[in-house]
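**Student:** sequence and predicted structure below; questions after.
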Amino acid sequence: MNDSPESSSSAAHRAQDEDDTSSQQPGFFARMFGVASQSENAEAPPREAEAHHPAGSAAHAAISVYNLRRMRLDDVAVPRAEITAVPVDTDLPDLVEVFRTSGYTRLPVYEGTMDTPVGLVHLKDIALTYGFNGGHESIALRTMLRPLLYAPPSMPIGVMLQKMQTDRTHMALVIDEYGGVDGLVTLEDLIEQVIGEIEDEHDVEEDKLWSEESPGCWVARARASLDEFEQAVGLDLTEGLDDEEIDTLGGLVFVLTGRVPARGEVVVHPAGPEFEIVDADPRRVKRLRVRLPKEAAE
């Protein structure tokens, strides 16, 4: 057995290094940024890969790291004009109606104008305080506000993810150089840029690109095949349109408007059907509701 001071010292240093390593394991975002820092000079992944990456693949990982470091809040934020918010003096029936029609569980609250935000209100707080059966008109909304995060549009989405994780906050307002509200981002919006679209119980099932909500009314994914949807509903949706390269329902809506329509917008087809945008971000449409004309539905 070798009990020399040199060997004992070396073993002690190795043990100390192992203890330091095990006690200082970085978190998820730190590990992601560590990977990114080793490849700062790497070329950005092609946009084709972003649209078709298989989950768990090396391409997906590369895109996730790239998005964390290079994408900014203004790349993913909901524009100011599309933000659903309420004034601080809103009464309870009106507030409940906004929650009901928007489908959101969190709403920004402002005083006077949207440029003077005072916090956010959570549907759970309203339900637990005032119940689910109504009976109240007045509401002390100001006392129920939760804090909001504020950030410049140039902030990388990875930095904001870390901030939200630290502050346990799911919503942030993007503030312009003059202090005005420029947009809104949520935790889900940011995570989707890393791991892909997140579906919830209100979304169309993964194996179904569309479902009939009621006679003549369909809820569909924007990536649903236009040809297959036309066969399902028995209606030609490309007749009279100049663009013959339309493959999806989302592509059809884009051709009809010439832009990415906003959430809640209704686009009317020349043949009569209406396309209501159920879910969208500034870059793409995700889900839409298709209402057929009465004669077509029958």
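**Tutor:** The structure has been received and is ready for your questions.
**Student:** what sits up against stretch 210-226?
**Tutor:** 204-205, 209, 229, 232-233, 237-238, 246-253, 278, 284-292, 294, 296-298 (CB atoms under 8 Å, 6 or more residues apart in numbering). (Glycine included, C-beta is placed from N, CA and C.)
**Student:** those in helices, which ones?
**Tutor:** The helices, defined by DSSP state H, take in 229, 232, 233, 249, 250, 251, 252, 253, 294, 296, 297 from the contacts of stretch 210-226.
**Student:** hmm, the fifth one is touching residue 285, no?
**Tutor:** Yes. The pair residue 250 / residue 285 is scored as a contact, 4.5 Å apart, by CB atoms under 8 Å.
**Student:** walk me through the domains of this structure.
**Tutor:** Split into domains by automatic domain parsing, the chain comes to 28-70, 74-195, 210-297.
**Student:** pLDDT on the shortest one, on average?
**Tutor:** With pLDDT averaged residue by residue, domain 28-70 scores 50.
**Student:** can you check stretch 105-123 too?
**Tutor:** Stretch 105-123 comes out with an average pLDDT of 93.
**Student:** now it: buried residues?
**Tutor:** Neighbour-count burial for stretch 105-123, counted by 16 or more other CB atoms under 10 Å, picks out 106-110, 114-115, 117-122.
**Student:** just to revisit the earlier point, worst average pLDDT in the domains of the chain?
**Tutor:** Sorting the domains of the chain by mean pLDDT places domain 28-70 lowest, at a mean of 50.
**Student:** before we move on, back to that, which of the buried residues of stretch 105-123 sit farthest apart?
**Tutor:** Farthest-apart pair in the buried residues of stretch 105-123 is 115 and 122; separation 22.3 Å (CB to CB).
**Student:** identify the residues contacting stretch 267-282?
**Tutor:** For stretch 267-282, contacts defined as CB under 8 Å, 6+ apart pick out 75-79, 189, 203, 219, 235-237, 239-241, 249, 252-253, 256-257, 260-266, 285-293, 296.
**Student:** just the buried residues from the ones in helices among the contacts of stretch 210-226, in ChimeraX please.
**Tutor:** The buried subset of the ones in helices among the contacts of stretch 210-226, as determined by 16+ other CB under 10 Å, is captured in ChimeraX by this line:
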select :229,233,249,250,251,252,253
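**Student:** could you redo the ones in helices among the contacts of stretch 210-226 as CSV and give each row distance to residue 100?
**Tutor:** Shown next, in CSV, are the ones in helices among the contacts of stretch 210-226 (distance: CB to CB, whole Å):
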residue, distance to residue 100
229, 29
232, 30
233, 28
249, 26
250, 26
251, 31
252, 29
253, 25
294, 26
296, 29
297, 26
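**Student:** could you single out the nearest of the ones in helices among the contacts of stretch 210-226 to residue 158?
**Tutor:** residue 250 (27.6 Å).
**Student:** now that closest one: how far from residue 81?
**Tutor:** Residue 250 is 21 Å from residue 81, where distance means CB to CB, to the nearest Å.
**Student:** repeat that for residue 158.
**Tutor:** Relative to residue 81, and taking CB to CB, residue 158 is found at 27 Å.
**Student:** between these two, who's got more neighbours?
**Tutor:** The residue with more neighbours, out of residue 158 and residue 81, is residue 158; 22 against 8, by other CB atoms under 10 Å.
**Student:** okay, strands next: where are they in the stretch 51-200 of the chain?
**Tutor:** When secondary structure is read from DSSP state E, counting those that start in this stretch, the stretch 51-200 of the chain shows strands at 78-79, 86-87, 106-110, 117-122, 149-151, 171-175, 181-186.
**Student:** out of those, nearest to residue 195?
**Tutor:** Closest of the strands of the stretch 51-200 of the chain to residue 195 is strand 181-186, at 14.6 Å (criterion: CB to CB).
**Student:** touching the closest one from outside, list them.
**Tutor:** Outside of strand 181-186, the residues that reach it under the criterion CB under 8 Å, 6+ apart are 73-74, 76-80, 83, 106, 108, 114-115, 117, 153, 157, 160, 170-176.
**Student:** now do it against strand 171-175, angle only.
**Tutor:** 160 degrees (axes from the mean of the first three to the mean of the last three CA atoms, to 10 degrees).
**Student:** strand 181-186 vs strand 106-110, what angle?
**Tutor:** Computed with the same axes, to 10 degrees, the direction of strand 181-186 lies at 160 degrees from that of strand 106-110.
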